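Enquirer: 3D, please:
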Amino acid sequence: MLFILNLIALTTFAANLSIRAIDPVLPQIADDLSVSIAQAAGLSAGLAFTFAIVQPVIGAAADLLGKARLMVVCLALLGIGSILGAFATSFPALLVTRILCGIGAGGVFPVAMGLTSDLVPLAQRQVALGRVLAGAMIGNILGASLAGAIGDITGWRGVLLLLGILTIAAALTVGFGLRGRAGAKSAGPASLSVLAHGYRVLFANPRTKICYIIVFFEGCCVFGVLPFVAAFLFDLGETRLSIAGLVIAGFAAGGLIYTVSVGRLLPLLGMRGLMMGGAGLVALQLVLLGLGLEWPAQTASFVVMGLGFYMLHGCMQVFASELSEEARATSLSLHACFFFLGQTAGPIAYGFGLDHVGKLTTLSISAGIVMLVGLFGARLLVKRG
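Expert: Residues are numbered from 1 along each chain as shown. Have a look, this model is predicted:
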């Protein structure tokens, strides 16, 4: 079982190498392809939107065709999209490749979480999901930090080319590793009527809508700000892409701290304490970001923000895994759908706020929303007693 979980973690690692790697090099892309920073941020929004809208299809395909097989195919597609992006000669062409990457990434992380939930009983599930999440966090750390460093040396094209090659190599490794393994096989094809029944059961649960609304605002307020980190640093006179990558990687480092400490935090704080405490940490760091701290302080702040975010979001993932046992992949895919719709709306909302009311006001409003999300989530989703 541990071997299978490690292979699943490898898929989330490889996928997350690419998802956040574009953020530190956005100023370079904007300059090279003659677009504004706001337009370049559309690359992140485009991937997130595609990730979101394919989730109903991905979830259905996983339940019908098998999670492991679909996960490996989508990981290979993500690698191909990254390689094609390295050779894009215009912004629209690059945007198309990021949309392709969104389709590939959309079939990796939520399906990996669904497969893990199938394999691990509820009592041990949050720790097991933490292991899979650790792969994603390490991928985020290396993706953001290496992208900045490589971008300073070879440019953004070298970043995408290297990530594409690494992702395809990971797809081959996981595909061979999972082949024939017990627990990683498809349960067999299901009928569309069974799938439709799963949707009905899912949305008959009153907690479903609450869960999905909360993760939408999580994605909007927290991940929506990441494409602007490099621009914020440019405003402070720090133009090294490697520094932007390091700051963004701090967020993933905080997530990694969560994955290794969740086994201790959960008994100590409980689900309600994790959600409210995590929301409070995120809200405070968003306000600090608005104050324009120097990059070493911003890096430390992003570590704390990452820890707080995953304290909140880790609980949401467990809730999503229990909304409908018979359509768990569909449930987790729709969870990811709303999360990435939030990430799509986030850069747009932040861009509007930054242009019209300024950085500190915009980030303070976002902080207030995150705090409310944590409080209402803890009240409405955590069972008493």
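Enquirer: quick one: least confident helix or strand in this protein?
Expert: Every helix and strand of the chain was ranked by mean pLDDT, DSSP states H and E. The lowest is helix 192-204, at a mean of 70.
Enquirer: now do the end-to-end distance for stretch 110-128.
Expert: Counting by C-alpha to C-alpha, to the nearest Å, you get 14 Å between the two ends of stretch 110-128.
Enquirer: just the buried residues of that stretch, please?
Expert: Buried residues in stretch 110-128, defined by neighbour count with 16 or more other C-beta atoms under 10 Å: 110-117, 119-120, 125-126, 128. For glycine as for every other residue, the C-beta is placed from the backbone atoms N, C-alpha and C.
Enquirer: for Gly155, grab phi and psi.
Expert: phi 90, psi 170 (degrees, to the nearest 10).
Enquirer: just give me the neighbour total for it.
Expert: 16 (other C-beta atoms under 10 Å).
Enquirer: contacts only, for it.
Expert: Counting by C-beta atoms under 8 Å, 6 or more residues apart in numbering, Gly155 makes contact with 25, 28, 32.
Enquirer: circling back to that earlier point, in helices, which of the buried residues of stretch 110-128 appear?
Expert: Using DSSP state H, 110-117, 119, 125-126, 128 are the members of the buried residues of stretch 110-128 that sit in helices.
Enquirer: returning to what we had before: give me the buried subset of the contacts of Gly155.
Expert: Neighbour counting by 16+ other C-beta under 10 Å classes 25, 28 among the contacts of Gly155 as buried.
Enquirer: just put the contacts of Gly155 in TSV and tack on pLDDT.
Expert: Shown next, in TSV, are those (pLDDT from 0 to 100):
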residue	pLDDT
Val25	87
Gln28	89
Asp32	92
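Enquirer: as a markdown table, the contacts of Gly155 with distance to Tyr258 and secondary structure would be great.
Expert: Listed next are those as a markdown table, based on distance: C-beta to C-beta, whole Å; DSSP: H, G, I helix; E, B strand; the rest coil:
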| residue | distance to Tyr258 | secondary structure |
| --- | --- | --- |
| Val25 | 27 | helix |
| Gln28 | 31 | helix |
| Asp32 | 36 | helix |
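Enquirer: ok, the contacts of Gly155 vs Gly250, which is closest?
Expert: Val25 (17.2 Å; C-beta to C-beta).
Enquirer: next up, the contacts around that closest one.
Expert: Per C-beta under 8 Å, 6+ apart, neighbours of Val25: 147-148, 151, 155-156, 159, 230, 241.
Enquirer: can you list contacts of the helix or strand where Pro92 lies?
Expert: Assigned by DSSP states H and E, Pro92 falls within helix 91-106. If you take C-beta under 8 Å, 6+ apart as the criterion, helix 91-106 is touched by 15, 18-19, 22, 29, 33-35, 39-40, 42-43, 46-52, 54-55, 58, 74-82, 84-85, 88, 336, 340.
Enquirer: state the mean pLDDT of that helix.
Expert: For helix 91-106, the per-residue pLDDT values average out at 92.
Enquirer: which parts of it are buried?
Expert: Using 16+ other C-beta under 10 Å as the test for burial, helix 91-106 gives 91, 94-106.
Enquirer: what of stretch 353-364?
Expert: 353-354, 359, 362-364.
Enquirer: same deal with stretch 16-33?
Expert: 16-30, 33.
Enquirer: sort out for me which of those residues are in helices.
Expert: Secondary structure assignment by DSSP H places 16-19, 26-30 of the buried residues of stretch 16-33 in helices.
Enquirer: can I get the residues you listed in CSV with distance to Val222?
Expert: Shown next, in CSV, are those (distance: C-beta to C-beta, whole Å):
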residue, distance to Val222
Asn16, 15
Leu17, 20
Ser18, 19
Ile19, 14
Leu26, 18
Pro27, 21
Gln28, 24
Ile29, 23
Ala30, 23
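Enquirer: show me the contacts for Ser82.
Expert: Taking C-beta under 8 Å, 6+ apart, we find Ser82 in contact with 18, 97, 101, 160-161, 163-164, 167.
Enquirer: so can I have CSV of those showing distance to Ile4?
Expert: Shown next, in CSV, are those (distance: C-beta to C-beta, whole Å):
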residue, distance to Ile4
Ser18, 23
Thr97, 31
Cys101, 26
Leu160, 30
Leu161, 31
Leu163, 25
Gly164, 26
Thr167, 20
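Enquirer: of these, closest to Thr344?
Expert: For those, the nearest to Thr344 is Cys101 (14.3 Å; C-beta to C-beta).
Enquirer: for Ala88, see how far away the closest one is.
Expert: Distance of Cys101 to Ala88, computed by C-beta to C-beta, to the nearest Å: 12 Å.
Enquirer: about what we covered before: which pair in the contacts of Val25 spans the largest distance?
Expert: Taking C-beta to C-beta as the measure, those span a maximum distance of 14.8 Å, between Gly155 and Ala230.
Enquirer: about what we covered before: of all the buried residues of stretch 110-128, which two lie farthest apart?
Expert: Going by C-beta to C-beta, the pair spanning these furthest: Val111 and Gln126, at 18.5 Å.
Enquirer: that older thread, now the contacts of helix 91-106: which count as buried?
Expert: The neighbour-count test (16+ other C-beta under 10 Å) applied to the contacts of helix 91-106 identifies 15, 18-19, 22, 29, 33, 35, 39-40, 42-43, 46-52, 54-55, 58, 74-82, 84-85, 88, 336, 340 as buried.
Enquirer: contacting residues around Val303?
Expert: Val303 makes contacts with 250-251, 253-254, 257, as judged by C-beta under 8 Å, 6+ apart.
Enquirer: how about Gly42?
Expert: Contact analysis of Gly42 by C-beta under 8 Å, 6+ apart lists 95, 347.
Enquirer: element containing it?
Expert: In the assignment (DSSP H and E), Gly42 maps to helix 37-53.
Enquirer: tell me the angle that helix makes with helix 91-106.
Expert: Orientation of helix 37-53 against helix 91-106 (axes from the mean of the first three to the mean of the last three C-alpha atoms, to 10 degrees) gives an angle of 30 degrees.
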